[in-house]
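K.L.:
Got a sequence here, can you build the structure:
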Amino acid sequence: MARPSSAKLRPRPGDVISYAFLWPDQAAEGRDEAVKDRPAVVVLAVGEGPNPTVVVAPITSRPPNDPDAIPLGPGALGLDRQSWIVPTALNAFAWPGPDLRRASKPAGAWWRIGVLSPELRNRLADQIAAGLKRRAATLVSRGA
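P.N.:
Numbers count the residues shown, from 1 in each chain. Have a look, this model is predicted:
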C-alpha cells in the first residue's frame, strides 16, 4: 500500500506507472493531450532531487506494428490481457508532472503499478538502444 510520503519517492528504471502517454503520431498532429491513460515503464530518471526528468515507454494491449515490441503475458504486472512494451515510442517529462496518474492498486508508492524484472528491464534497454541506433525511436518531450 502507498504511504503518504510516497510522493517524495523518486521513480527508478523499471517502475511501471499509470501515465497519459502521448504517442509520437499524436504529437506530430499537434496534439498535446493524450487520448487515454496507460501503463508506461520508466526507462530513465535523470537529475538530482525529487523532480528528475523521466523518460517512459508505453505498454499497450493492442498488437503493435513494431518488431522490437516486448511481449508481456496476461497477468504480467497485474495487467488483465496480453500486452507489449513499445520501445520506439518514448515520452520525457518533469516528474511528477500533470500526466502522472494514481495506480489503481499501488505497489509501494501511489503512482507505481509494479516493477519490471531485471531481465525485462535489460531487454527494454537493449531494444531502445537498437531503435535509437537505427533512428527508429521517437521521443516526445512533454515539459521536460
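K.L.:
Pull the residues that contact whichever helix in the chain runs longest.
P.N.:
In the chain, assigned by DSSP state H, the helix with the most residues is helix 118-133. Helix 118-133 is contacted from outside by 13-14, 41, 43, 57, 68, 70, 72, 85, 87-88, 90, 116, 137, using C-beta atoms under 8 Å, 6 or more residues apart in numbering. Every residue, glycine included, has its C-beta placed from N, CA and C.
K.L.:
Let's see that with 6 Å instead.
P.N.:
Contact with helix 118-133 is made by 14, 68, 70, 85, 87, 88, 137, as judged by C-beta atoms under 6 Å, 6 or more residues apart in numbering.
K.L.:
what comes up buried for the very next helix or strand once past that helix?
P.N.:
Later in the chain than helix 118-133, the nearest helix or strand by DSSP states H and E is strand 138-141. Going by neighbour count (16 or more other C-beta atoms under 10 Å), the buried part of strand 138-141 is 138, 140.
K.L.:
Export strand 138-141 to CSV, keeping only CA atoms.
P.N.:
Coordinates of each C-alpha in strand 138-141 appear next as CSV, following Å, rounded to 0.1, in the frame of the first residue of the first chain:
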residue,chain,number,x,y,z
THR,A,138,10.9,8.8,-31.3
LEU,A,139,11.0,10.9,-28.1
VAL,A,140,8.1,13.3,-27.4
SER,A,141,9.1,16.0,-24.8
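K.L.:
Walk me through which strands it pairs with, and which way each runs.
P.N.:
Applying DSSP bridges, strand 138-141 is found paired with strand 89-94 (parallel).
K.L.:
So what's the residue count around residue 95?
P.N.:
The local packing count at residue 95 equals 20, with neighbours defined by other C-beta atoms under 10 Å.
K.L.:
for this protein, which spans come out with low pLDDT?
P.N.:
Under the criterion pLDDT under 70, the flagged ranges of the chain are 1-8, 144.
K.L.:
where's residue 73 relative to residue 9, distance?
P.N.:
According to C-beta to C-beta, to the nearest Å, residue 73 and residue 9 sit 28 Å apart.
K.L.:
So which of the two has more stuff around it?
P.N.:
residue 9 (16 against 10).
K.L.:
SS state for the closest residue to that one other than its chain neighbours?
P.N.:
Spatial nearest neighbour of residue 9, chain neighbours left out: residue 109 (4.9 Å); criterion: C-beta to C-beta, 6 or more residues apart in numbering. Following DSSP: H, G, I helix; E, B strand; the rest coil, the label given to residue 109 is coil.
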